[in-house]
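> Prediction below, plus the sequence it came from.
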Amino acid sequence: MAKFCKLIIRLVVLGGLLLISQQVLAQTWIPVRGGIPFGISGIALINQQNDKLDFLIVHDNKKPNQGRLAIISLQGKNQPEYLPLNWPSKKLPTDLEGLTSIPDTKSLEFIAVNSQGKAYHLQLDSNKKSLSILKEFDLPAITKDSNFESFCLQKIDNQLIATWGHRGEGEEPAKIYWGKLNLTKYQITNIDSANFKVPFPDGNVRHISDLKIDNAGIVYITSANDAGNDGPFQSAVYVAGYLSLNGNKIEWRPNQQLFPIYRDKYHKIEGLEIIPGAAGGVIVGTDDENMGASVYMIGE
């Protein structure tokens, strides 16, 4: 608990440093592609080498002629390279919203999840720039009103923990779910959940638009709202709380003093990834509808 409190203090300091004018911050965003079909709804790190970062991204598209996944490569402030990937089967997924890498795998493996809770275990061949589907499965305990925006895997105390979020909307709270994933059986057990609401943005806000966990169990969440395909948009990033293991039980400790560690009044953030190391940080990606997608490294 002491480590968690120290982390919150550090994040308070970080939050103060990030209170720069939004006009300056807007200039640091890097455009990826323009137009609705290229919005980023989930992002996961593929490779980190020197000053180059490669990411897998998902698009929440529904039409047959629209892409579902792509690789983007970032190097400094240069225009990102964008490489679309073909879906490896004739049956296309609809509305992919969440994406996570799978820790401690020898190959590049990921799980993508759509808004209805259908999950796809994917393997990426980075040389051939192609995908294969290893397994399709459903998230547990899906209710008829579920609308999932996120999915994350992380090793905590050598246990593979899955976390995912129903987005909520307006006065309806989001819901954070967690459990232990057996990747051999594709089963999630020890499941529990908690409601979650943010103070900013307000109005027609999606309280969870993406979610990631670091290996200390700290849960980062993005929230976003929009007034239509042309905006205006608002977004924020939060430290939502802390997950830990107590024997066989996963314990959730919510952040009791919730505040944005980053906020933006120009973009709709729907993708979040944690990048390790001295040159790392928190990167966010947007689904800005008609204005397409952009990425930004927070605190850079």
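Thanks, I have the structure now. Small disclaimer: the values here were computed from a predicted structure and weren't measured.
> in this structure, which spans are helices?
Taking DSSP state H as the test, the helices found in the chain are 2-17, 22-26.
> tell me the average confidence for the shortest one?
Helix 22-26 shows a mean pLDDT of 43.
> same question, the first one
Helix 2-17 shows an average pLDDT of 45 in the prediction.
> wait, what's in contact with residue 183?
The contact partners of residue 183, taken as Cβ atoms under 8 Å, 6 or more residues apart in numbering, are 102, 121, 160. Every C-beta, even on glycine, is put in place using the N, C-alpha and C of the backbone.
> what's the distance between the residue nearest to the first one when sequence neighbours are not counted and residue 245?
The one in question is residue 102. Spatial nearest neighbour of residue 102, excluding adjacent residues (Cβ to Cβ, 6 or more residues apart in numbering): residue 109 at 4.3 Å. Separation of residue 109 from residue 245 (Cβ to Cβ, to the nearest Å): 23 Å.
> now residue 181
14 Å.
> okay, the two: which has more neighbours?
Between residue 181 and residue 245, counted using other Cβ atoms under 10 Å, the more crowded position is residue 181 (21 against 16).
> hey, what's the residue nearest to that one when sequence neighbours are not counted bridged with?
With sequence-adjacent residues excluded and distances taken as Cβ to Cβ, 6+ apart, residue 181 is closest to residue 162, at 4.2 Å. Counting by DSSP bridges, residue 162 forms beta bridges with residue 153, residue 179.
> now do the one 4 residues further on
On the basis of DSSP bridges, residue 166 is bridged to residue 148, residue 175.
> burial count for it?
If we define neighbours as other Cβ under 10 Å, then residue 166 has 27 of them.
> follow-up on the earlier one: out of the contacts of residue 183, list just those in strands.
Assigned to strands by DSSP state E, the following of the contacts of residue 183 qualify: 121, 160.
> quick one: which of the contacts of residue 183 has the most company?
Going by other Cβ under 10 Å, residue 102 tops those with 20 neighbours.
> That one is in contact with residue 153, isn't it?
Yes: in this structure, residue 102 is within contact of residue 153 by Cβ atoms under 8 Å, at 5.7 Å.
> residues bridging contact with the two, i.e. touching both?
Both residue 102 and residue 153 are in contact with residue 111, where contact means Cβ under 8 Å, 6+ apart.
> what's the spacing between the lengthiest strand in the chain and its chain's center?
For the chain, the strand with the greatest residue count under DSSP E is strand 233-246. Offset of strand 233-246 from its chain centre (Cα atoms, centre = their mean, to the nearest Å): 11 Å.
> Can you list the buried residues in it?
233-245 (16 or more other Cβ atoms under 10 Å).
> which residues of the stretch 51-200 of the chain fall in strands?
Along the stretch 51-200 of the chain, counting by DSSP state E, counting those that start in this stretch, strands occupy 52-58, 69-75, 81-85, 96-101, 108-114, 118-125, 130-138, 148-156, 159-166, 174-182, 187-196.
> For those strands, state which one has the densest average packing.
strand 96-101 (a mean of 26; mean count of other Cβ atoms under 10 Å).
> Would you mind writing the CA trace of that one as CSV?
Provided in CSV are the C-alpha atoms of strand 96-101 (Å, rounded to 0.1, in the frame of the first residue of the first chain):
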residue,chain,number,x,y,z
LEU,A,96,-12.8,-4.1,-32.8
GLU,A,97,-12.3,-2.0,-29.7
GLY,A,98,-9.6,-3.5,-27.4
LEU,A,99,-6.1,-4.8,-28.0
THR,A,100,-3.3,-6.2,-25.8
SER,A,101,0.0,-8.0,-26.3
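> Show me which positions of stretch 211-226 end up buried.
Result for stretch 211-226 [16+ other Cβ under 10 Å]: buried residues 211-213, 217-226.
> Of the residues you listed, which belong to strands?
Those of the buried residues of stretch 211-226 lying in strands (DSSP E): 211, 212, 213, 218, 219, 220, 221, 222, 223, 224, 225, 226.
> how near is the nearest residue to residue 136 once chain neighbours are set aside to residue 146?
Spatial nearest neighbour of residue 136, excluding adjacent residues (Cβ to Cβ, 6+ apart): residue 120 at 5.7 Å. According to Cβ to Cβ, residue 120 stands 17 Å off from residue 146.
> got a list of what the closest residue to residue 48 other than its chain neighbours touches?
The shortest distance from residue 48 to any non-neighbouring residue, by Cβ to Cβ, 6+ apart, is to residue 275 (6.5 Å). Shown in contact with residue 275 (Cβ under 8 Å, 6+ apart): 45, 48, 53, 281, 282, 283, 297.
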